[in-house]
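Visitor: Coordinates for the following, if possible.
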Amino acid sequence: MNPWPLLGARQMGWNRMQRRRRLRRPVFSRLTWAWLGAFMITVTVAGVVARDAMNGGGVARVALPVEEIETFARVAQVHRENPIPTPPASNNAVSNNNGPALRDGSTPEAVDMLGGDPAEAAFGHDEDNSLTLIYPGENEMFDEGYDNSEEHIDGDEIYSGDGIVITIPGKDKPATSAQMASLSPAVQPIPNADDALLQTTALGQIPKISPDGRRAVKYYARSFDGSSREPKVALIIGGLGLNSAITERAIDDLPPEVSLSFAPYAKDLEFWTQKARNAGHEVLIELPMEGYGGNQQALGAAALLTSRTPQENLQRMDWLMSRFGGYFAATNYMGAKFTADNASLAPVLKKLKDAGVGYIDDTGAAKQHGIGLGLPMTTVSRMIPAAATDDDRAKVKRELAMLEHIAEQDGRAIGKTYAYATTIDEVVEWSRTLPRKGITPAPASALLQTSAVAR
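Guide: All right, here's what the predicted structure looks like:
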């Protein structure tokens, strides 16, 4: 038998098997397949982002500086070559000192920005755009306008504050702060000091009546609708500026209807009083006056004393009244003896009247000396004890209840106290109960009594 055909067949089979082995796909591990899949996803995402960037779409970016106030803003369509609009100034704007809130977006500018529909402008979203959270810092986002500086993100959005940047999916690119409907009562800042209401003396600038007749007693007073027939109660917290922590608590925690009085010897008064006005509190200046007994030196070098001549007291008034601007009225610190002496007090009251400033007295003696002067003034109905500890809190609660009782009987009442942490805590809780008791909280300026107040 010839073996060669058999050997040839075997060789041909061997050759076919070798060719199949050479053409067989390589064996990939699961890890290799995972890496290949991740690579393909990355390439796909990069392609989508590049396409959206070229078409003007993409993701919305928003800056979130930590530990700041939370407000809502909409993603708005802004042309790449046009500046990002600066939100219009408004009394409803939320300052960095307020809690989370939405802002009024029913203004024409906000409606325009958000598509022309007032309902959507107030509510803050529609089918096309997503809501975006913005935590504004000391310099709010987009408040400097659009330019090509390093503060831009990809040349599209400006971010002028410190903080981290995250991306949130959305249709349009830049997140601009839009004003929207408020969930809490709007803060109404008190105006800053107006040069037209100031005059220069040898010891500094003090208030005056402006050429057009405006007076500090009205210009720097918190707005108030007194048409309600409900009893009205006002409260003044004094002694502020001497302790920074207590002063900041009073400004931030107390309702804006509470009027704040600052000690003339405190530091940084311009800073603290402007912060108070920005939070909606009207402010007063305290005048240290001579009382019965005690150490007169404790009242400081600028104290108003019965032993001084009217000229000497008025000179000290120039220094006291120049300590800061933007106050609507003055109030006494101590002063039972000084206010009972007409020869000493009358020139001081006349100076306040000529300067367009009101006066609030807690001694009960100044009222008779102010009759006929045309000075806007009032007398404190009840002094609230200053609670230095929790043990004194019950006294504060009792006196605040008495203040309510006076308001219910007379239709109005004004209280005064001095700043301690426990007192502030109690006043905050007490103020929350007034609406359900049918009592209207009022700023102290609303209870000034005179027929001569103008403008």
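
Visitor: ok, now which ones touch M317?
Guide: By CB atoms under 8 Å, 6 or more residues apart in numbering, the contact set of M317 is L287, L304, V348, K351. For the C-beta atoms, the positions are set from N, CA and C on the backbone; glycine is no exception.

Visitor: Quick one: mark the members of these that sit in helices.
Guide: Within these, membership in helices is found for V348, K351, as judged by DSSP state H.

Visitor: Would you map out the domains in this structure?
Guide: Annotated domains of the chain cover 59-187, 195-447 [automatic domain parsing].

Visitor: Comparing those domains, which yields the minimum mean pLDDT?
Guide: Note on the domains of the chain: lowest mean pLDDT is at domain 59-187, with a mean of 37.

Visitor: And the strands in the stretch 201-350 of the chain, which stretches?
Guide: 204-207, 232-240, 259-262, 283-289, 329-334 (DSSP state E, counting those that start in this stretch).

Visitor: just those: most buried one?
Guide: strand 259-262 (a mean of 28; mean count of other CB atoms under 10 Å).

Visitor: that older thread, tell me which of the strands of the stretch 201-350 of the chain sits nearest to S322.
Guide: Closest approach to S322 among these (CB to CB): strand 204-207, 2.8 Å.

Visitor: Show me what the closest one is in contact with.
Guide: Under the criterion CB under 8 Å, 6+ apart, residues 197-199, 216, 318-319, 321-323, 325, 327, 355-357 lie in contact with strand 204-207.

Visitor: circling back: now the strands of the stretch 201-350 of the chain as JSON lines including distance to I414?
Guide: Listed next are the strands of the stretch 201-350 of the chain as JSON lines, based on distance: least, CB to CB, whole Å:
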{"stretch": "strand 204-207", "distance to I414": "22"}
{"stretch": "strand 232-240", "distance to I414": "4"}
{"stretch": "strand 259-262", "distance to I414": "9"}
{"stretch": "strand 283-289", "distance to I414": "12"}
{"stretch": "strand 329-334", "distance to I414": "11"}
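
Visitor: Of all those, which one comes closest to A446?
Guide: strand 232-240 (6.7 Å).

Visitor: just to revisit the earlier point, narrow the contacts of strand 204-207 to those that are buried.
Guide: Using 16 or more other CB atoms under 10 Å as the burial test, the contacts of strand 204-207 include 197-198, 216, 318-319, 321-323, 325, 327, 355-357 as buried.

Visitor: Dump those residues into TSV; add distance to E404 as well.
Guide: Output for those, formatted as TSV (distance: CB to CB, whole Å):
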residue	distance to E404
L197	35
L198	38
A216	30
D318	39
W319	38
M321	34
S322	37
R323	33
G325	34
Y327	27
A355	34
G356	32
V357	29
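
Visitor: Mind checking which of those land in helices?
Guide: Per DSSP H, these map to helices at A216, D318, W319, M321.

Visitor: Could I get the contacting residues of the nearest residue to the third one once chain neighbours are set aside?
Guide: In other words, W319. Spatial nearest neighbour of W319, excluding adjacent residues (CB to CB, 6 or more residues apart in numbering): L203 at 4.4 Å. Each residue near L203 by CB under 8 Å, 6+ apart is listed here: Q315, D318, W319, S322.

Visitor: you'd agree L260 is up against V283?
Guide: Yes: L260 sits in contact with V283 when judged by CB atoms under 8 Å, with a separation of 5.3 Å.

Visitor: Around E312, how many other residues sit close by?
Guide: The number of residues packed near E312 is 12, by other CB atoms under 10 Å.

Visitor: What of S227?
Guide: Counted with other CB under 10 Å, residues neighbouring S227 total 5.

Visitor: Leaving out chain neighbours, which residue sits closest to K350?
Guide: Leaving out its chain neighbours, the residue that sits closest to K350 by CB to CB, 6+ apart is L373, at 6.3 Å.

Visitor: do the same with R412
Guide: K232 (4.8 Å).

Visitor: which ones are touching the one you found?
Guide: G226, A407, G411, R412, A413, I439, T440, P441, A442, A446, L447.

Visitor: Tell me how many other residues crowd T417.
Guide: T417: 26 surrounding residues under other CB under 10 Å.

Visitor: Which helix or which strand is home to it?
Guide: In this assignment (DSSP states H and E), T417 forms part of strand 412-418.

Visitor: related to what we said a few turns ago, distance to S381 added to the contacts of strand 204-207, as TSV?
Guide: Shown next, in TSV, are the contacts of strand 204-207 (distance: CB to CB, whole Å):
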residue	distance to S381
L197	29
L198	32
Q199	33
A216	24
D318	31
W319	31
M321	26
S322	30
R323	27
G325	29
Y327	21
A355	26
G356	25
V357	21
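
Visitor: Closest one to T42 out of the residues you listed, please.
Guide: T42 lies nearest to G325 out of the contacts of strand 204-207, by CB to CB, at 60.7 Å.

Visitor: returning to that earlier point: only the buried subset of the contacts of M317, as a ChimeraX command please.
Guide: In ChimeraX, a selection of the buried entries from these looks like this (16+ other CB under 10 Å):
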select :287,304,348,351
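
Visitor: if we take the contacts of M317, which one ends up nearest to D361?
Guide: Lowest distance from D361 to those (CB to CB) belongs to L287, with 10.2 Å.

Visitor: The closest one pairs with what?
Guide: According to DSSP bridges, the partner residues bridging L287 are N332.

Visitor: so it touches A329, yeah?
Guide: No: using CB under 8 Å, L287 is not in contact with A329; the gap is 10.5 Å.

Visitor: Which single one of the contacts of K232 is nearest to G294?
Guide: Nearest to G294 among the contacts of K232: A413, at 28.2 Å, using CB to CB.
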